[in-house]
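# Sequence below, structure please.
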Amino acid sequence: MRNCWGDFVMSNLVAKEYKCFEDIKKVRTDGSEYWCARDLAVVLDYTKWENFHKVIKRAMIACKNSGRIVEYDFPEVRKIVAAGATTKPKLDYELTRYACYLIVQNGDPRKEVIALGQTYFAIQTYRQEVADHFNELDEDSRRLVVRGDIKQWNQLLAETARNSGVITNEEFAIFQNAGYMGLYGGMTVDDIHKKKGLEIGQKILDYMGSTELVANLFRISQTEEKLRKDNVSDAQTATAVHHSVGKEVRKAIEEIGGTMPEDLPTPEKSIAQLEKEQMELLKQKAKNGQLMLDE
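Have a look, this model is predicted:
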């Protein structure tokens, strides 16, 4: 479960305004991510490396003060570049996500892109922490985490589907149904709703366990990515893509010997109930003076 969640949550597809940070992200062969400092300087609108290097130095101090190893988050590299008829080494850093977060926190607050960077890297750092500790969460907490991520991905999928030609409400309903049919072996949204014994108005995603939610998160995220990469431009093709991705996810579950999503148990409590209980718990802690600021 942990490996699947790590893959899904760290896909790192984010809203359009953060795309500039995604575009310069690099991935090593071992799957670890990093950002080149000189690429980040350009995105953050620093024209002089000397000025940006000062920001990096401040971020390094913050890193050290937080108890982390500076060399891990800010590994120094030298790149060979042309200098007239000769070449010379140029200083750069392969920054971790946390290093980037510290840099934007120490950047020029007057720059709009700095504010965007602060939000982007804060979100990504939080998601990484969630992924790292996902196995330690109980089932209800896992459901809340994955369901929250699905809400964001569904918004992205809806936007990408529109850009791919899925315009009318009827087209979108058919498009959505196709994804479920692919993943659930031909079962429609109504079929799944009935199988779970839900009432009118209850959402099937709110009555899924964490394993079933993760399967749907993968279906949604991979469909969104494929629609963009393939430059799909008509509703019929987009619907076919959604169905195909759903089938591929189902095939993957089958190949690893997993339980088909329609055969997974339906939780007794809905996501809405869990959220209400969580809120009541926080209110009680606040009333008793036990609530910490980071909760």
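# Let me see the contact set for V245.
Residues in contact with V245, defined by C-beta atoms under 8 Å, 6 or more residues apart in numbering, are 179, 182, 219, 222-223, 226. (C-beta placed from N, C-alpha, C; glycine too.)
# So the closest residue to R78 other than its chain neighbours: helix, strand or coil?
Once flanking residues are discounted, R78 sits nearest to P89: 4.0 Å by C-beta to C-beta, 6 or more residues apart in numbering. Secondary structure, DSSP: H, G, I helix; E, B strand; the rest coil: P89 is strand.
# What count of nearby residues applies to N231?
8 (other C-beta atoms under 10 Å).
# Next up, phi/psi of it, please.
phi 50, psi 50 (degrees, to the nearest 10).
# Show the pLDDT at it.
With respect to pLDDT, N231 scores 94.
# wait, what's in contact with it?
Here N231 is in contact with no residue (C-beta under 8 Å, 6+ apart).
# Return the distance of it relative to A59.
38 Å (C-beta to C-beta, to the nearest Å).
# what's near enough to touch the closest residue to G182 other than its chain neighbours?
Nearest residue to G182 in three dimensions, chain neighbours excluded: G246, at 2.4 Å (C-beta to C-beta, 6+ apart). Contact analysis of G246 by C-beta under 8 Å, 6+ apart lists 178-184, 219, 223.
# now swap in V104 and tell me
Contacts of V104 by C-beta under 8 Å, 6+ apart are 44, 114, 117-118, 121.
# Include distance to R250, secondary structure and pLDDT when you put these into TSV, please.
Below are these laid out as TSV (distance: C-beta to C-beta, whole Å; DSSP: H, G, I helix; E, B strand; the rest coil; pLDDT from 0 to 100):
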residue	distance to R250	secondary structure	pLDDT
L44	43	coil	94
I114	44	helix	88
G117	38	helix	86
Q118	39	helix	83
F121	35	helix	83
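# in a strand, that's where the residue nearest to G182 is, yeah?
No: according to three-state DSSP, the state of G246 is helix, so it is not within a strand.
# And the pLDDT for it?
The score at G246 is 97. That number is its pLDDT.
# cool, and S11?
Reported pLDDT for S11: 40.
# Top of the contacts of V245 by number of neighbours, please.
Ranking the contacts of V245 using other C-beta under 10 Å puts T223 first, with 28 neighbours.
# any idea of the pLDDT on it?
Looking at T223, its pLDDT reads 95.
# Give me the distance between it and V241.
6 Å.
# Then V43?
Taking C-beta to C-beta, one finds V43 at 31 Å from V241.
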